[in-house]
Every structure is written in C-alpha cells, then in structure tokens.
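> Just need the structure, nothing else, for what follows:
(one chain, ligands or ions: 1)
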Amino acid sequence: MKNKAIIFDLDGTLIDSLKDIAISANLVLEEFNLPLHDISEYKNFVGGGASVLVNNCVPKNSNEDLKQKVLNRFKEVYDQEHHLNTQPYDGIYEVLEQLTKQNIKIGILSNKPHYFTCKYVEEFFSDYNFLEIHGQKENVPKKPNPMVALEIANSFNIKPENIFFVGDSDVDIKTAINSKMIPVGVKWGFRGPRELIENGAKYIVDTPKDILKLFEK
Ligand SMILES: O=C(O)COP(=O)(O)O
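Numbers count the residues shown, from 1 in each chain. Sure thing, here's the model as predicted:
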C-alpha cells in the first residue's frame with residue numbers, strides 16, 4: 001500500500017463547486033451586459049482554469065481586453081461571497097479518512113487559481129494530510145501539462161506509474177496519461193464517464209468509496 005499514492009483533481013472531484021462558479025460568472029456577465037448561461041452549461045466550461053472558463057462563457061467574438069476584464073472581475077466576485085453552495089461530495093471525507101489511516105500519500109492538482117484552491121482546501125480539508133496542494137499558478141504550465149504532477153510524484157518519492165490520478169474531466173485524464181500515472185475517472189463530476197473513457201481512463205469509479213478498491217487491484 002505504502003508505495004502507492006493518489007493525486008486528486010479538486011473541482012468536480014473532491015468538491016461540487018459548479019453552482020458557485022456559475023453564479024459568480026453569471027453575475028459578472030450581467031455586469032458587462034453579456035448573455036448568461038444555465039448552470040448546467042458551466043459543466044463544460046470548467047476544467048481548464050479561470051481563463052478558459054471566461055473564454056467559454058463570453059461571446060465568441062470578444063476581444064482580449066474584454067476577456068481580461070471579465071477574468072479579473074470574476075476572481076473578485078468569486079472571492080467575495082459566492083461559496084455558500086460549495087461542498088465536498090458525499091463520501092469524500094470517509095475516503096480521505098481511510099487513505100490517511102492507511103498512510104497513502106495524497107495530493108491535489110487543480111487548474112483552479114492557486115489562491116482559491118488553497119482557500120477551499122483550508123475550508124474543507126484541513127483535517128487531512130494533503131502533502132502537496134497545487135492550483136494554477138502564473139507562469140507554471142497547467143494541466144494537462146505533466147510538469148506539476150511529476151513534481152508531486154518526485155516529492156512523494158513514488159514512481160508515476162504507482163500514482164492514481166483521479167479526476168472528472170478530459171483534462172485530468174490527459175494529465176494522468178502525459179505523466180504516465182494511472183488515469184481514474186469519477187462518475188459524479190461535471191462530465192460523463194463517456195468523455196473520461198474516450199480520453200483513456202483506465203478505471204471509472206462510481207462512488208468515492210470505490211477509490212479505496214483501486215488499491216486491491
Ligand atoms: O476551475 C477549473 O477550471 C478547474 O479546476 P479543477 O482542475 O480542480 O477541475
């Protein structure tokens with residue numbers, strides 16, 4: 001057991017953050033007099049980080065200046081008060097408890113801006129021993145680039161092929177493949193299993209507790 005580890009994605013994997021992201025983005029779109037989107041549409045907008053989110057939700061012909069302004073404002077609005085609906089998925093705490101008991105090293109790699117990633121981890125997961133916590137940082141390549149995932153493997157002192165990379169989007173599965181980790185897709189996240197399988201997920205887990213079964217394989 002001790003020679004295995006898990007890197008988790010955050011949004012759509014550990015926490016259900018969709019509604020707050022959508023509410024914040026729609027508030028900003030409204031401020032800029034731009035068309036709004038249904039919450040469910042945001043499922044396909046999230047995953048590539050805040051700038052990709054903005055790219056996806058502003059009209060196609062928007063110029064860079066507008067995108068930058070929307071992005072800056074989104075970060076402000078999201079930071080203020082729109083966290084009321086965000087919660088860890090049912091069963092996540094139990095899994096983290098078990099992983100901690102079994103001394104399995106755990107980390108988080110998200111494309112959510114690093115500041116927000118740390119904020120959420122502090123709010124929900126401060127009782128768990130996440131050894132590595134990385135959101136998207138300026139001038140650091142984001143997922144699916146394997147760089148940070150490999151740095152985490154290095155710090156864990158565990159070979160990438162013994163690390164499960166658990167996520168809910170194509171970006172996560174591609175990150176796992178690019179870093180030669182074991183790609184695990186979750187069924188409860190923002191995208192469906194089909195996207196995860198098409199992108200090369202080796203395992204699909206139906207519920208958080210199925211993550212524990214991966215170690216029996
Ligand atoms: O917020 C995003 O766009 C992505 O975040 P994630 O990498 O934790 O899914």
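> Going by neighbour count, which residues in the top helix by length along the chain are buried?
When the chain is parsed with DSSP state H, its longest helix is helix 64-80. If you call a residue buried by 16 or more other C-beta atoms under 10 Å, then helix 64-80 has these buried ones: 69-71, 73-75, 77-78. From N, CA and C alone the C-beta is placed, and that goes for glycine too.
> got the contact list for that helix?
Applying C-beta atoms under 8 Å, 6 or more residues apart in numbering, the contact partners of helix 64-80 are 20-21, 24-25, 27-29, 31-32, 34, 50-51, 53-55, 58, 62, 113, 115-116.
> Among these, which are located in helices?
Judged by DSSP H, helices contain the following of the contacts of helix 64-80: 20-21, 24-25, 27-29, 31, 50-51, 53-55, 115-116.
> Quick one, which of those residues are buried?
Taking 16+ other C-beta under 10 Å as the criterion, what is buried in those is 20-21, 24-25, 27-29, 50-51, 53-55, 116.
> for this structure, what's the longest strand?
Ranked by residue count under DSSP state E, the longest strand found in the chain is strand 105-113.
> what pairs with it, and is each one parallel or antiparallel?
Here strand 105-113 has these sheet partners by DSSP bridges: strand 5-8 (parallel), strand 130-136 (parallel).
> Could you look over those strands and pick the most buried one?
strand 5-8 (a mean of 26; mean count of other C-beta atoms under 10 Å).
> Need the pLDDT of the residue located most distally from the centre of the chain.
Relative to the centre of the chain, and counting by C-alpha atoms, centre = their mean, the farthest-placed residue is residue 33 at 29.0 Å. Looking at residue 33, its pLDDT is 98.
> just residue 215 next, same as before
Residue 215 is assigned a pLDDT of 88 by the prediction.
> Residue 81 too?
Confidence at residue 81, expressed as pLDDT, is 69.
> domain assignment for the protein?
What automatic domain parsing lists as the domains of the chain is 5-16+87-216, 18-80.
> Nearest approach to the ligand belongs to which of these?
Among the domains of the chain, the nearest to the ligand by C-beta to the nearest ligand atom is domain 5-16+87-216 (3.3 Å).
> and that closest one, how far apart are its ends?
Start and end residues of domain 5-16+87-216 are separated by 13 Å (C-alpha to C-alpha, to the nearest Å).
> do it and the ligand meet?
Yes - residues of domain 5-16+87-216 are located near the ligand by C-beta under 6 Å from any ligand atom, namely 9-12, 110-112.
> just these now: which is nearest residue 183?
Using C-beta to C-beta, residue 9 comes nearest to residue 183 of the residues of domain 5-16+87-216 next to the ligand, at 11.1 Å.
> Mind listing the residues bridging to the nearest residue to the closest one once chain neighbours are set aside?
Spatially, and ignoring its direct neighbours in sequence, residue 9 is nearest to residue 167 (3.4 Å; C-beta to C-beta, 6 or more residues apart in numbering). Applying DSSP bridges to residue 167 gives these bridge partners: residue 185.
> any idea how far residue 167 is from residue 61?
32 Å (C-beta to C-beta, to the nearest Å).
> more crowded one of these two?
Per other C-beta atoms under 10 Å, whichever of residue 167 and residue 61 has more neighbours is residue 167, with 31 against 6.
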